[in-house]
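# next one to model:
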Amino acid sequence: MLKSATVTTLTVLAGALFAAPDPAPAPKKIPTDRDYKEILGQTLTAKPFVGGVPPFADRAAWAKLAKSPELTKVIERADDKLKEKIEPIPDELYLEYYKNGNRDNYQEAYGKLSGAANDFALAYLATGDKKYLDKLEETFGVILQMKSWMLPAHDRNHQTFDGKGNRIELVSSLNSWKYAVIYALLKDELKPETAKELKNQLYTRTLIPIRQMLDGKVKPDWWLVGTNNWNAVCWAGVLGTVLAVEEDQKAKIDLVDAATRHIGYSLIGFSPDGYCSEGMGYWNYGYGHNLRFAAMLRLATGDKLNLMDLAEMRRAGEYPEKITIVGEGVPAYADCSLSDNASPTLLGLRDYLMNRPAANWKDLRPDGSIEDFALFAAVPPPEGEIETASSAGDTSLFEDAGIGVVRPSTPDNRVAASFKGGSNFELHNHNDVGSYVVVIDGVPVLFDPGNEVYTARTFSDKRYESKLLNSFGHPVPVIDGKLQKPGKGTYAPILATANNDKEFVRSYDIAPAYQLPEIKKLVRTFRYSRVAPGSFAVTDEGEFSRDIAFETALLTPGVFTATGKNTGRITYKNKSVNLQIESSSPFEFVTEEIKEKVNHKETITRIGLRFTGKVSSAKITVTFTP
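Below you'll find the model as predicted:
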């Protein structure tokens with residue numbers, strides 16, 4: 001009998017930071033806190049479920065599939081990899097992380113290995129050419145000898161690597177699902193000893209450990225009840241493995257029931273209004289696996305269980321349209337990349353689960369992974385007239401999270417923007433209460449600079465030494481030389497809001513983000529003009545118990561030019577914004593390039609607006625016009 005896992009302390013590992021957002025109490029019950037065994041007993045059999053692809057023996061069906069653009073690309077990749085020798089990853093590469101914090105070298109090597117297994121398996125299924133099967137055997141010869149399927153960054157004190165027990169994390173769970181699908185589709189084609197050992201390791205590395213954790217025989221991994229992307233990703237990998245490999249019907253029902261109940265914890269990580277504090281990249285990654293999990297469950301149970309029936313699941317599903325500023329542009333809040341936008345494939349999967357006959361569902365395409373290829377093949381096409389893309393309107397507000405997006409309501413308004421209050425007690429948090437993005441003609445001329453390249457520092461007590469993650473790397477004030485604080489008690493209450501056909505105005509009390517006794521008042525107000533050509537203004541008003549140094553800042557990927565004592569211009573990608581500054585005291589422009597390791601080529605320029613003398617009160621307004 002599988003019990004619900006309980007964890008008294010959530011261990012902070014790479015990719016997991018903090019619990020629910022500061023002001024929102026966690027629900028007393030998880031959204032899926034119910035027993036699904038009756039429905040599962042009526043629908044699940046011992047027969048493996050991987051999706052809707054044909055069996056290997058149906059060569060005519062696979063010959064047709066092989067002509068698809070997706071499989072054509074996979075076969076091309078597999079052909080390139082045929083020339084490469086498959087070699088074991090040196091132990092030193094795994095252990096490098098513990099010496100210097102480098103995550104990339106091992107992850108790159110491991111990604112190539114699991115990618116090779118994926119491509120050789122799909123290429124063999126598509127063509128039936130034995131050269132791909134031989135190379136797949138060679139690849140599994142290495143994979144099945146690996147001491148750990150985990151990433152070293154997630155293998156605490158390299159215990160799994162040292163043979164002290166198998167644990168489950170992001171990559172091991174997803175690769176387990178991948179290898180399980182390969183096993184289910186090709187077990188009769190693989191050498192008997194390879195198939196037997198692969199199945200054995202899917203049990204020893206995934207199915208047995210998860211059962212032991214649920215039964216309380218070993219300490220559960222924290223993610224079983226974690227409230228972030230780890231929960232969704234790991235449970236999706238576990239579910240995919242269970243459905244593809246587990247042949248005992250009762251054991252399958254027990255594990256699927258446990259997975260379906262526990263994946264609800266990931267939805268607690270969204271604010272009640274559906275905001276994803278981890279950013280769009282992690283919506284794709286984390287919630288994307290909520291969607292994959294829900295699709296597997298719906299298809300495997302013959303439409304009897306659809307997690308999109310949960311209000312929490314639906315609200316999180318609407319995040320992409322609401323957070324998008326214009327086009328595909330989203331603000332790079334928290335650990336979000338500048339290039340992140342919603343995956344059309346995941347929007348298609350979402351629309352299928354919502355029974356919304358939209359274009360993304362109609363054009364649903366796998367991403368090249370064998371598990372997605374198999375799963376998406378089972379998704380039926382939409383029926384009825386295809387809906388046009390839904391519009392989020394001229395204003396989107398995540399009221400619980402304190403985030404907003406304002407967009408042009410007329411074609412001659414050239415300005416759009418996003419702004420945030422929120423807190424510094426969020427998943428993948430940056431200290432960024434009061435941050436904002438200004439977009440001119442679709443170009444983010446003022447921006448939030450997004451995430452850094454992950455290292456051991458990123459997820460340690462030294463996280464906020466990074467000038468990209470602390471508030472110095474965001475367009476917010478510096479008070480007497482002090483930055484914002486992380487953690488509880490930093491939520492910025494909404495003080496006032498006005499919204500009409502001429503403007504949108506919102507004020508936040510951002511003083512809690514600093515937790516400084518000398519602050520008597522610190523209010524940030526955003527004002528968006530709907531009157532063409534549009535404008536966006538940011539006002540800071542502060543009162544202090546003593547004279548202090550005061551500074552606010554702008555962040556841009558563009559080139560800044562001071563055009564006067566109180567004016568300036570920023571140009572980026574041939575779009576320019578004029579700055580008009582009104583200040584209660586004299587100030588100076590202080591520019592600095594923020595140099596941290598990032599995944600983009602844009603220069604990150606911080607333009608400080610620094611008062612030249614100490615003040616007991618301050619007011620400064622920066623108005624941006626195209």
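
# please count neighbours and contacts with C-alpha atoms only from this point.
OK.

# which residues touch the lengthiest helix in the chain?
The helix that spans the most residues within the chain, counting by DSSP state H, is helix 104-127. Identification of contacts with helix 104-127 by Cα atoms under 8 Å, 6 or more residues apart in numbering yields 56, 62-63, 65-66, 71, 74-75, 77-78, 81, 86, 89, 93-94, 129-133, 135-136, 139-140, 143, 151-152, 175, 178, 182, 369-370.

# partner strands of the top strand by length along the chain, with direction?
The residue-count maximum for a strand in the chain (DSSP state E) belongs to strand 535-548. When sheet partners are counted by DSSP bridges, strand 535-548 sits next to strand 519-529 (antiparallel), strand 615-625 (antiparallel).

# quick one, strands of the stretch 451-600 of the chain?
When secondary structure is read from DSSP state E, counting those that start in this stretch, the stretch 451-600 of the chain shows strands at 478-479, 494-499, 503-509, 519-529, 535-548, 550-556, 559-562, 567-572, 575-583, 587-593.

# show me how far the longest one is from its chain's centre.
Chain-centre distance of strand 535-548: 33 Å, with Cα atoms, centre = their mean, to the nearest Å.

# three-state assignment of Lys81?
Of the three states, Lys81 takes helix under DSSP: H, G, I helix; E, B strand; the rest coil.

# in which helix or strand does Ser396 reside?
Ser396 belongs to strand 395-398 when assigned by DSSP states H and E.

# the nearest residue in space to Val615 that is not next to it in sequence - how many residues pack around it?
Closest residue to Val615 in three dimensions, ignoring its sequence neighbours and counting by Cα to Cα, 6 or more residues apart in numbering: Asp547, at 4.6 Å. Using other Cα atoms under 10 Å, Asp547 has 14 other residues around it.

# on that earlier part again, okay, the strand holding Ser396 in CSV with CA atoms only?
Extracted as CSV, the C-alpha positions of strand 395-398 are listed here (Å, rounded to 0.1, in the frame of the first residue of the first chain):
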residue,chain,number,x,y,z
THR,A,395,-4.3,45.2,-19.7
SER,A,396,-3.4,42.0,-18.0
LEU,A,397,-3.1,41.9,-14.2
PHE,A,398,-1.9,39.2,-11.9
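
# gap between it and the chain center?
Distance of strand 395-398 from the chain centroid (Cα atoms, centre = their mean) equals 20 Å.

# swap in stretch 572-584?
Its chain's C-alpha centre and that of stretch 572-584 lie 32 Å apart, by Cα atoms, centre = their mean.

# so for that stretch, mean pLDDT?
Stretch 572-584 comes out with an average pLDDT of 97.

# buried ones in that stretch, by neighbour count?
Using 16 or more other Cα atoms under 10 Å as the test for burial, stretch 572-584 gives 572, 575-581, 583.

# so which of the contacts of helix 104-127 belong to helices?
Per DSSP H, the contacts of helix 104-127 map to helices at 62-63, 65, 71, 74-75, 77-78, 81, 93-94, 130-133, 135-136, 139-140, 143, 175, 178, 182, 370.

# show me how to select, in PyMOL, the buried members of these.
Those of the ones in helices among the contacts of helix 104-127 that count as buried under 16+ other Cα under 10 Å are selected in PyMOL with:
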select buried, resi 62+65+71+74+75+77+78+81+93+94+132+133+135+136+139+140+143+175+178+182+370
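
# mind listing what's buried in the longest strand of the chain?
In strand 535-548, counting by 16+ other Cα under 10 Å, buried: 535-544, 548.

# for stretch 288-308, same thing?
Along stretch 288-308, these residues count as buried under the neighbour rule (16+ other Cα under 10 Å): 288-301, 305-308.

# just the CA coordinates for it, please, in PDB.
Taking Å, rounded to 0.1, in the frame of the first residue of the first chain, the C-alpha atoms of stretch 288-308 are listed here in PDB:
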ATOM      1  CA  GLY A 288       5.000  21.900 -19.700                       C
ATOM      2  CA  HIS A 289       5.500  18.700 -17.800                       C
ATOM      3  CA  ASN A 290       2.200  19.200 -15.900                       C
ATOM      4  CA  LEU A 291       0.700  19.300 -19.400                       C
ATOM      5  CA  ARG A 292       2.600  16.200 -20.500                       C
ATOM      6  CA  PHE A 293       1.600  14.400 -17.300                       C
ATOM      7  CA  ALA A 294      -2.100  15.400 -17.800                       C
ATOM      8  CA  ALA A 295      -2.000  14.300 -21.500                       C
ATOM      9  CA  MET A 296      -0.600  10.900 -20.600                       C
ATOM     10  CA  LEU A 297      -3.200  10.500 -17.900                       C
ATOM     11  CA  ARG A 298      -6.100  11.500 -20.100                       C
ATOM     12  CA  LEU A 299      -5.000   9.300 -23.000                       C
ATOM     13  CA  ALA A 300      -4.100   6.300 -20.800                       C
ATOM     14  CA  THR A 301      -7.500   6.400 -19.100                       C
ATOM     15  CA  GLY A 302      -9.500   6.900 -22.200                       C
ATOM     16  CA  ASP A 303     -10.500  10.500 -21.400                       C
ATOM     17  CA  LYS A 304     -11.700   9.500 -17.900                       C
ATOM     18  CA  LEU A 305      -9.200  11.800 -16.100                       C
ATOM     19  CA  ASN A 306      -8.300  15.300 -17.200                       C
ATOM     20  CA  LEU A 307      -6.300  17.400 -14.700                       C
ATOM     21  CA  MET A 308      -7.300  20.400 -16.700                       C
END
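
# how distant is it from the center of its chain?
Its chain's C-alpha centre and that of stretch 288-308 lie 20 Å apart, by Cα atoms, centre = their mean.

# what does that stretch contact?
Applying Cα under 8 Å, 6+ apart, the contact partners of stretch 288-308 are 39-40, 43-44, 49, 51, 232-233, 235-236, 239-240, 263, 313-314, 346, 349-350, 353-354, 375, 378-379.
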